[in-house]
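Participant: Predicted coordinates and the sequence they were generated for:
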Amino acid sequence: MNLVDINSIQNAFLVYIDVESLNKKNKLENSFEEFKNLVTSSGTSIEGHITFNQKTPVINTFISKGKLEKLKEQVQNNNIDLVIINHELSASQTRNLEKFLNKRVIDKTELILDIFATRASSHIGKLQVELAQLNHLSTRLIRGWTHLERQKGGIGLRGPGETQLETDRRLISKRIKRLNQRLDKSHKQKQINRYSRKKSRNRLVALVGYTNAGKTTLFNKLTESSQIAEDKLFATLDSVTRKNKNPRHGPILFSDTVGFISDLPTQLIESFKATLDELKSADLLLHVVDISDIDAKSKIKEVNNILSEIGVMHIPQIIVNNKCDLIKDSKIQPLKIRKKDEAFISAENEKEFEDLRSKINTKLFNGIYTGWISMENNLGNLRSSLFDMGCIKDEKTANCGKMFANIRIGNDELDQFLTIKGFELCHDEDILLQTHNAK
């Protein structure tokens, strides 16, 4: 159930209001451009726009009376089907604006919900979008049903029956309850999957960040996947997890997640809880940033605010400054010196990927050890474990029966093995002296 089928409405008029009392400290410099891009992502044609400043919102219409008269004049003089406002409106404010302008009015929340509805492809994603829509719609039903009188009771019943509004609310309430039950079931299944993963060596790395920062492009390069990556807001909506295919990484699962945006509606965060809970089980977050964006610093703060709301700020994080190919090297080099704990890459051409891989391995495994170890011949179970883990690249047997193996393993795991008597690091010279053949 869509709140409004934006794609069927060709002509939209944008209303961008900079409200002084609602401004945040980390306000985006190009917030109007972001608003326009958001509308464009929905497939709507922009026929015109108006921008103005206002000290505080007006209770009845959000927009002050003088600005409202000017808006009405512009809307009536153009072929406009829809008016889109860059703030979240109450049900009464939307209703009053529609009555005054005689046009369909939607706010930023409804716009985002419609984009999500068109982009969701997985079963869970569609359920989450529908739940967010119904939660939003349940507070706005009166707008559509105020013209209806109370229905009369059936045969043998006294008194008035349900209004159409009450009937609709009851049906929506039932649907919301059913959706929550289905999502809870899906959530429990994901918990089982996460438990299975924890029993294995695989670590989970989640890619997070502002929408259109390049997360999916980076995800495709890290996992050799072919997820759709487009230069538009909310191109990715469904979380996807794939195993690392590059041997220079350790045993890692990478997860691509939905991008965030400033003033993300709270009901979206709640409805997408099942997806965002994936972040809570992550071992590392790759916070992807579009470094070529003038608002990069503000967007980092915005993403961290949302991560804090979700409760995952305690998880280790690497800032991945993406799209470095769009910035002059003279500007990038000082940043690399000053911010050694961050990675600077271009996901499009895999520039500087080695540094990113090294930082990921250091965070997850305290670095990777590649070299030879020796095992006493009574440690056959240990040898089998290393094979099962996929750590052994080559092995040799000594004259005395001692086993040598060329392994690739995380330093933290290696430290655990080194506590076992008969398991030691060794050098190439030792192997040449003690081995007689290679298996």
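Facilitator: Everything's here; your move.
Participant: all contacts plus neighbour counts: C-alpha atoms, from now on.
Facilitator: Noted.
Participant: Residue 379 - nearest residue in space that isn't next to it in sequence?
Facilitator: Using Cα to Cα, 6 or more residues apart in numbering and skipping residues adjacent in sequence, the residue nearest residue 379 is residue 422, 7.7 Å away.
Participant: these two touch, right, the one you found and residue 380?
Facilitator: No: applying Cα atoms under 8 Å as the test, residue 422 and residue 380 come out as separate, 11.3 Å apart.
Participant: The stretch 151-300 of the chain: strands as residue ranges?
Facilitator: Taking DSSP state E, counting those that start in this stretch to define them, one finds strands in the stretch 151-300 of the chain at 203-209, 240-243, 252-256, 284-290.
Participant: Distance to residue 299, mean neighbour count and mean pLDDT for the ones you listed - can I get that in CSV?
Facilitator: Putting these into CSV (distance: least, Cα to Cα, whole Å; neighbours: other Cα atoms under 10 Å; pLDDT from 0 to 100) gives the following:
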stretch, distance to residue 299, mean neighbour count, mean pLDDT
strand 203-209, 8, 26, 91
strand 240-243, 23, 17, 82
strand 252-256, 18, 23, 88
strand 284-290, 8, 24, 94
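Participant: Would you format the ones you listed as CSV with distance to residue 68 included?
Facilitator: Shown next, in CSV, are the strands of the stretch 151-300 of the chain (distance: least, Cα to Cα, whole Å):
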stretch, distance to residue 68
strand 203-209, 36
strand 240-243, 44
strand 252-256, 42
strand 284-290, 37
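Participant: To residue 361, which of those lies closest?
Facilitator: Proximity to residue 361 (Cα to Cα) singles out strand 252-256 among these, at 9.4 Å.
Participant: And the residue positioned nearest the centre of the chain, how far from residue 342?
Facilitator: Residue closest to the mean C-alpha point of the chain, counted by Cα atoms, centre = their mean, is residue 258 at 2.6 Å. To residue 342, residue 258 is 22 Å away according to Cα to Cα, to the nearest Å.
Participant: got it, and residue 297?
Facilitator: From residue 297 to residue 342 the distance is 14 Å (Cα to Cα).
Participant: go on, residue 127?
Facilitator: Distance from residue 127 to residue 342, by Cα to Cα: 36 Å.
Participant: One more: residue 268?
Facilitator: 30 Å.
Participant: now the stretch 201-350 of the chain, which segments are flagged as low pLDDT?
Facilitator: Scanning the stretch 201-350 of the chain with the threshold set as pLDDT under 70 gives 228-238, 247-248, 266-267, 269-275.
Participant: tally of neighbours for residue 18?
Facilitator: 18 (other Cα atoms under 10 Å).
Participant: quick one, what contacts it?
Facilitator: For residue 18, the contact set (Cα atoms under 8 Å, 6 or more residues apart in numbering) comprises 51, 52, 53, 54.
Participant: Where do the helices of the stretch 301-439 of the chain begin and end?
Facilitator: When assigned using DSSP state H, counting those that start in this stretch, the helices of the stretch 301-439 of the chain occupy the ranges 329-338, 353-365, 380-388, 411-417, 428-434.
Participant: what is the mean pLDDT for the last one?
Facilitator: Spelled out, it's helix 428-434. Averaging pLDDT along helix 428-434 gives 60.
Participant: Can you pull out the low-pLDDT segments for the stretch 1-150 of the chain?
Facilitator: 1-9, 24-26, 141-150.
Participant: Which residue ranges of it form helices?
Facilitator: With DSSP H, counting those that start in this stretch, the ranges of helices along the stretch 1-150 of the chain come out as 31-41, 65-76, 91-101, 108-119, 123-137, 142-145.
Participant: Adding distance to residue 361 and mean neighbour count, write these out as a markdown table.
Facilitator: A markdown table is the format used below for the helices of the stretch 1-150 of the chain (distance: least, Cα to Cα, whole Å; neighbours: other Cα atoms under 10 Å):
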| stretch | distance to residue 361 | mean neighbour count |
| --- | --- | --- |
| helix 31-41 | 35 | 16 |
| helix 65-76 | 56 | 14 |
| helix 91-101 | 50 | 17 |
| helix 108-119 | 33 | 22 |
| helix 123-137 | 31 | 21 |
| helix 142-145 | 55 | 15 |
